[in-house]
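S.K.: Give me a model of this one.
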Amino acid sequence: MCPNLFIVDDEPEICEILSDLLSEEFDSRWESNAKTALELLPEIRPALVIFDLGLNEMRGVDFLTQALAIAPNTRFVLCTGSSPTSPDVAAALKAGAVGAIYKPFPARDTLIATLKGWL
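M.R.: Numbering: from 1, shown residues only. Okay, here's the model as predicted:
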């Protein structure tokens, strides 16, 4: 059985790309609306959530804070096009993200290994 993965990004294309890249190793579902994603968290019960730093409805750090209150045992991974030295990236990691993946995404095998390492 594949680990359950939930992708939250306001760009559906990014959600689809990640979902396709990871489909052989993860059972993935995605949502482009942060507020809806928060409502779905208890139902989906993912092992891992990949969330965008720049969501339309709220900041990624705010999403993370609210999501951790709903699903404290879930692992959250930041997805961003920002620099690893960005203050927003540091804030998300400090708030509880277990790691970050950066756009453009690494090779499929590298991405899968990285994500599995955070489970």
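S.K.: can you map out the helices along this structure?
M.R.: Assigned by DSSP state H, the helices in the chain fall at 12-22, 34-44, 60-70, 87-95, 108-117.
S.K.: Show me what the third one packs onto, helices and strands only.
M.R.: The criterion is 3 or more Cβ pairs under 8 Å, 6 or more residues apart in numbering; DSSP states H and E, and the helices and strands that helix 60-70 contacts are helix 34-44, strand 48-52, strand 75-80, helix 87-95. Backbone N, C-alpha and C define where each C-beta goes, glycine included.
S.K.: per-residue confidence averaged over the second one?
M.R.: Strand 48-52 shows a mean pLDDT of 97.
S.K.: same check, this time on the third one
M.R.: Here the mean pLDDT over strand 75-80 is 96, rounded to a whole number.
S.K.: Identify the residues contacting the residue nearest the centre of the chain.
M.R.: Nearest to the mean C-alpha position of the chain, by Cα atoms, centre = their mean, lies I50 at 0.9 Å. By Cβ atoms under 8 Å, 6 or more residues apart in numbering, the residues touching I50 are 5-9, 18, 77-79, 101, 115.
S.K.: let's see it at 10 Å
M.R.: Residues near I50 by Cβ atoms under 10 Å, 6 or more residues apart in numbering: 5-9, 14-15, 18-19, 22, 26, 28, 30, 75-79, 97, 100-101, 111, 115, 118.
S.K.: same thing with P12?
M.R.: 30-32.
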